[in-house]
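Asker: Here is my input, please return the structure:
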Amino acid sequence: MNLPGRSAPGRTSDRGTDVRGGLARYVVAATLARSADGGAVIAIVLLVTTSGSPGWLAGVLGACITAPHLLGPFVARILDTARDGRSVIALACMAHGVTLAAAVLLYPVVWPVITGILLIASGLVGPLLTGGISSRLPDIAGPDRSSQRRAQGWDVATYGLGGTMAPSLVAAV
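Answerer: Down below sits the predicted model:
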């Protein structure tokens, strides 16, 4: 079984970067970003229901963070036109964290519509945390077909890890 970081020593991508180190960093970063995106809706639903608010409000606020993902093809245009997509993804991760944290912290003291607006803002950058990160794979894996396939396999694994770990961790906390 090939693990990230277990490829032949000295292999570099077409950009001159170390393939094995780059893939290992990618797997960690993608798993964390996808965990944040995947666990957010569970966190919101649990926050709302455990505070005694009605289930319909939990559903509406949960939809506020997931529905904007439908705009992914339009949001991706930002990434397509950027000189360096890494900075766009980094800003998206920060924006997701800040707006989600603000929504959670402000929920008990503001009207739910304010929380909803913050969750919509968080959800708008969600596609950059999922598909946007995947767009970095060709640069990381290099031109070799087997490296591309291995990288794509690990990319799929990050979705599974994030989608499984995040809800479990959120529920446990």
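
Asker: I'd like the next helix or strand past the longest helix belonging to the chain.
Answerer: Identified as the longest helix of the chain according to DSSP state H is helix 19-50. Following helix 19-50 in sequence order, the next helix or strand is helix 55-66 (DSSP states H and E).

Asker: angle of the longest helix of the chain against helix 55-66?
Answerer: 160 degrees (axes from the mean of the first three to the mean of the last three C-alpha atoms, to 10 degrees).

Asker: Average pLDDT for helix 19-50, rounded please.
Answerer: Across helix 19-50, the average pLDDT comes to 90.

Asker: gap between it and the chain center?
Answerer: In terms of C-alpha atoms, centre = their mean, to the nearest Å, the centre of helix 19-50 is found 5 Å from the chain centre.

Asker: Buried residues, that helix. List them.
Answerer: 19-20, 22-24, 26-27, 29-48 (16 or more other C-beta atoms under 10 Å). Yep, even glycine has a C-beta here, placed from its N, CA and C like the rest.

Asker: try stretch 160-171
Answerer: Across stretch 160-171, burial judged by 16+ other C-beta under 10 Å covers 161-162, 165-167, 170.

Asker: Among those residues, name the ones in helices.
Answerer: Within the buried residues of stretch 160-171, residues falling in helices by DSSP H are 161-162, 165-167, 170.

Asker: ok, the residues you listed vs Leu57, which is closest?
Answerer: Of all these, Val170 has the smallest distance to Leu57: 18.1 Å, by C-beta to C-beta.

Asker: wait, the closest one sits on Ile42?
Answerer: Yes - here Val170 reaches Ile42: they are 4.6 Å apart, a contact under C-beta atoms under 8 Å.

Asker: distance between the host helix or strand of Thr99 and the chain's centre?
Answerer: In this assignment (DSSP H and E), Thr99 forms part of helix 85-106. Its chain's C-alpha centre and that of helix 85-106 lie 10 Å apart, by C-alpha atoms, centre = their mean.

Asker: What's the first helix or strand after that helix?
Answerer: Assignment by DSSP H and E places the next element after helix 85-106 at helix 112-124.

Asker: what's the helix or strand following that following helix packed up against?
Answerer: Counting by DSSP H and E, the next helix or strand C-terminal to helix 112-124 is helix 126-134. Applying 3 or more C-beta pairs under 8 Å, 6 or more residues apart in numbering; DSSP states H and E, one finds that helix 126-134 makes contact with helix 19-50, helix 72-81, helix 85-106.

Asker: okay, the angle between helix 126-134 and helix 19-50?
Answerer: If you take the same axes, to 10 degrees, helix 126-134 sits at 160 degrees to helix 19-50.

Asker: That concludes my questions; thank you for your assistance.
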